[in-house]
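**Student:** Here's my sequence, what's the structure:
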Amino acid sequence: MGQASVKIRVYSIQCAESVRLLSSQALEMPACEYEPPPYKGPDYNHIRQVRGSLLNPALLTNFSSPLLIYDGYMQWLFDHTGKRYLDLFGGIVTISIGHCHPKVVAAATEQINRLWHTTNIYLHPKVHEYAERLTQTLPGDLKVVYFVNSGSDANDLAMMMARLYTKNFDLVSLRNSYHGASPYTSGLTASNTWKYNFANGFGIHHAANPDPYNGLWGGHRDSPVQSVRASESELVDGVCSSAEKYVRQLEEICMYSIPKKKLAGFFAESIQGVGGTVQFPLGYLKKAFELVRSNGGVCISDEVQTGFGRTGEHFWGFEGHDVIPDIVTMAKGIGNGFPLAAVVTTPDIAKTMTGALHFNTFGGNPISSAVGLSVLEVIEEEKIQQNSLEVGTYFLQKLAKLREDYTIVGDVRGKGLMIGIEMVQDKTNQTPLNPQTMMDIWDACRDLGVILGRGGLYGTVFRIKPPMCITHADVDFTIAVLQHVLDETTKTL
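**Tutor:** Down below sits the predicted model:
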């Protein structure tokens, strides 16, 4: 699974000595059926100079010494020296089925040779084929799709839809959430890491984050690995007692901060992504949706990171909460790295957008539609969702053992291949691991061939959201790398 169906020259890369010798064992990085061509681009130092002087100075660069990535294949990335890395962050949860998947490359190539762009003032076949196929994956009355270009675009549009449909203004999202960085969505996003000091967020409120690990009341979550604070709550008929307490916090916002029964909408990620793979207590989202609707609002599920089978058991993350939202936003994995996003809603809500002209120049263009359609086909043909469940569960169970064995591993959580590892200085009070130690671990894993992401308010959660084609062998390699690095780290603490 996850290997291309086309014949490619077998490539055996010589790993660094440190990769082959971990924990006094000879351990090889899993094999890869691909040979990248030699790098012929600009010099590494010149690229860093351009980056520092000509590009956005706010651009984040991972690791203490930035990687120069120039080639990718399935779950693998290659730097300018030819070194191979196991990509466990998937372009920030964007590569859903594998870098340069041959079927997607073929679909894009065929379309680009036929028709690049007309905009949707004309008919072209691909956007209509894709709309049919995409809406078939969604439950209930979620049948009208608006194609846009990014997750921020999608959430911008969903905010406008909610306000137009309800004729209300106030919106609620959760603290620690991330819904975009545009001027409009930055108000929804509730983490100071992403906040600029300018007027934004008018009419937006942030409810208490229902976090079973760092929150006020602990809780049980939908994960193969439970929070160490699960015992602080009770689980009755699949509903966690702390869910009701967090819903009460949401209710207080409706009671004290919003005109009576005049809520426009509520935004929630099925599992918080940028915030550090935070899951909610069992039953929270269902109760929250009921409360929102009773106060006049619509429910918006941000599936930018959790959609397209990533959580394993379901195609859409919200399905794991036993809810059907009124609006769904999606991006990232929808195009496997190609700029593509969408908003899907009900016919009734969609009608409100006919009060004026609405248009997106590149939304649903022929190339993105062909790419999106091929991604859906690969997910089905290669059983990507099933792999996410099976390999993800195996991964979580292996990581749970690390939590038992190392004092600096505070929490392991997630579902499918949406996984987080929260690193701590002190397990008793969940003090975040100091930044230098966190960076040292991150760099060491990278040097040994494993690329991890980071998230959470303090950047102390390792985010594992790889291409969903990874294998059990990839997991075993990752665990060996983590064990080696954590062993070395704990010697110096």
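**Student:** Map the structural domains onto the sequence of this structure.
**Tutor:** 51-97+383-491, 104-381 (automatic domain parsing).
**Student:** Dump those domains into JSON lines; add distance to residue 40 and mean pLDDT as well.
**Tutor:** C-beta coordinates here come from the backbone N, C-alpha and C atoms, glycine included. Shown next, in JSON lines, are the domains of the chain (distance: least, C-beta to C-beta, whole Å; pLDDT from 0 to 100):
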{"stretch": "domain 51-97+383-491", "distance to residue 40": "9", "mean pLDDT": "96"}
{"stretch": "domain 104-381", "distance to residue 40": "20", "mean pLDDT": "97"}
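**Student:** Do a quick rundown of the helices in the stretch 51-200 of the chain.
**Tutor:** Shown for the stretch 51-200 of the chain, the helices assigned by DSSP state H, counting those that start in this stretch span residues 90-93, 102-112, 125-135, 151-166.
**Student:** List the contacts of the shortest one.
**Tutor:** For helix 90-93, contacts defined as C-beta atoms under 8 Å, 6 or more residues apart in numbering pick out 96, 273, 304-305, 310, 332-333, 337, 418, 453, 463, 465-467.
**Student:** same question, stretch 42-58
**Tutor:** Here stretch 42-58 has contacts from 41, 59, 61, 66, 68, 80, using C-beta under 8 Å, 6+ apart.
**Student:** Same question for stretch 369-389.
**Tutor:** By C-beta under 8 Å, 6+ apart, stretch 369-389 touches 1-2, 96-97, 101, 103-104, 106-108, 110-111, 124, 126-127, 129-130, 133-134, 137, 147, 308-313, 315, 333-336, 338, 340, 416-417, 468-470.
**Student:** Tell me the buried residues in stretch 69-86?
**Tutor:** 70-80, 82-86 (16 or more other C-beta atoms under 10 Å).
**Student:** Would you mind measuring the gap between the ends of that stretch?
**Tutor:** End-to-end distance for stretch 69-86, by C-alpha to C-alpha, to the nearest Å: 12 Å.
**Student:** Follow the chain on from the one helix or strand residue 385 maps to and name the next helix or strand.
**Tutor:** Assigning secondary structure by DSSP states H and E places residue 385 in helix 384-405. Counting by DSSP H and E, the next helix or strand C-terminal to helix 384-405 is strand 409-415.
**Student:** Could you quantify the relative orientation of that following strand and helix 384-405 as an angle?
**Tutor:** Strand 409-415 runs at 160 degrees relative to helix 384-405, counting by axes from the mean of the first three to the mean of the last three C-alpha atoms, to 10 degrees.
**Student:** what's in contact with strand 409-415?
**Tutor:** 212-213, 221-225, 227-228, 271, 277-279, 311-313, 320, 392, 396, 399-400, 402-403, 419-424, 427, 430, 464, 486.
**Student:** at 7 Å instead, please
**Tutor:** Identification of contacts with strand 409-415 by C-beta atoms under 7 Å, 6 or more residues apart in numbering yields 213, 221-223, 225, 227-228, 271, 277, 279, 311-312, 320, 392, 396, 399-400, 402-403, 420-424, 427, 430.
**Student:** picking up where we left off before, who wins on neighbours among the contacts of helix 90-93?
**Tutor:** Among the contacts of helix 90-93, residue 310 has the most neighbours (other C-beta atoms under 10 Å), with 33 neighbours.
**Student:** so that residue sits right up against residue 467, yeah?
**Tutor:** No. With contacts counted by C-beta atoms under 7 Å, residue 310 stays clear of residue 467, the gap being 10.4 Å.
**Student:** The helices of the stretch 51-200 of the chain into a markdown table, with extra columns for distance to residue 179?
**Tutor:** A markdown table is the format used below for those (distance: least, C-beta to C-beta, whole Å):
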| stretch | distance to residue 179 |
| --- | --- |
| helix 90-93 | 14 |
| helix 102-112 | 27 |
| helix 125-135 | 21 |
| helix 151-166 | 5 |
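**Student:** could I get those as CSV with distance to residue 493 and mean neighbour count?
**Tutor:** Formatted as CSV, the helices of the stretch 51-200 of the chain follow (distance: least, C-beta to C-beta, whole Å; neighbours: other C-beta atoms under 10 Å):
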stretch, distance to residue 493, mean neighbour count
helix 90-93, 30, 22
helix 102-112, 44, 17
helix 125-135, 49, 17
helix 151-166, 38, 24
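**Student:** now for these, which one comes closest to residue 445?
**Tutor:** helix 90-93 (15.6 Å; C-beta to C-beta).
**Student:** how distant is the closest one from the center of its chain?
**Tutor:** Offset of helix 90-93 from its chain centre (C-alpha atoms, centre = their mean, to the nearest Å): 7 Å.
**Student:** Kindly report the same for stretch 451-467.
**Tutor:** Distance, centroid of stretch 451-467 to centroid of chain: 10 Å (C-alpha atoms, centre = their mean).
**Student:** Residues touching that stretch, excluding its own?
**Tutor:** Outside stretch 451-467, the residues touching it (C-beta under 7 Å, 6+ apart) are 74-75, 77, 85-90, 92-93, 95-99, 176, 191, 193, 274-277, 305, 417-423, 432-433, 438, 442, 445.
**Student:** so residue 29 is in which element?
**Tutor:** If you go by DSSP H and E, residue 29 is not part of any helix or strand.
**Student:** Kindly tell me how buried it is, as a neighbour count.
**Tutor:** Residue 29: 22 neighbours (other C-beta under 10 Å).
**Student:** Also the one 10 residues further on?
**Tutor:** Counted with other C-beta under 10 Å, the neighbours of residue 39 add up to 15.
**Student:** Spatially central residue for the protein, please.
**Tutor:** In the chain, the centroid-proximal residue (C-alpha atoms, centre = their mean) is residue 305; its distance is 2.9 Å.
**Student:** gap between the closest residue to it other than its chain neighbours and residue 378?
**Tutor:** Once flanking residues are discounted, residue 305 sits nearest to residue 273: 3.8 Å by C-beta to C-beta, 6 or more residues apart in numbering. In this structure, residue 273 and residue 378 are 22 Å apart, going by C-beta to C-beta, to the nearest Å.
**Student:** now do residue 168
**Tutor:** Taking C-beta to C-beta, one finds residue 168 at 40 Å from residue 378.
**Student:** for residue 453, same thing?
**Tutor:** Distance from residue 453 to residue 378, by C-beta to C-beta: 23 Å.
**Student:** helix or strand right after the longest strand along the chain?
**Tutor:** Looking across the chain with DSSP state E, the single longest strand is strand 418-426. Per DSSP H and E, strand 418-426 leads on to strand 431-432 as the next helix or strand towards the C-terminus.
**Student:** which helices and strands sit right next to that next one?
**Tutor:** strand 418-426 (3 or more C-beta pairs under 7 Å, 6 or more residues apart in numbering; DSSP states H and E).
**Student:** Show residues contacting the strand it packs on.
**Tutor:** With C-beta under 7 Å, 6+ apart, strand 418-426 has contacts from 213, 271, 276-277, 305-306, 310-311, 392, 395-396, 399, 408-414, 430-434, 438, 456, 460-465.
**Student:** Among the contacts of helix 90-93, which one lies nearest to residue 263?
**Tutor:** Checking the contacts of helix 90-93 one by one against residue 263 (C-beta to C-beta), the nearest turns out to be residue 304, at 22.5 Å.
**Student:** show me what contacts the nearest residue to the closest one once chain neighbours are set aside?
**Tutor:** Leaving aside its sequence neighbours, residue 304 sits nearest to residue 151 (C-beta to C-beta, 6+ apart; 4.1 Å). Neighbouring residues of residue 151 by C-beta under 7 Å, 6+ apart: 180, 304, 329, 331-332, 341.
**Student:** Farthest-apart pair in those, please.
**Tutor:** The widest separation within those (C-beta to C-beta) is 11.7 Å, between 180 and 332.
**Student:** thinking again about what came up before, between the contacts of stretch 42-58, which has the most around it?
**Tutor:** Among those, the one with the most neighbours (other C-beta under 10 Å) is residue 80, at 18 neighbours.
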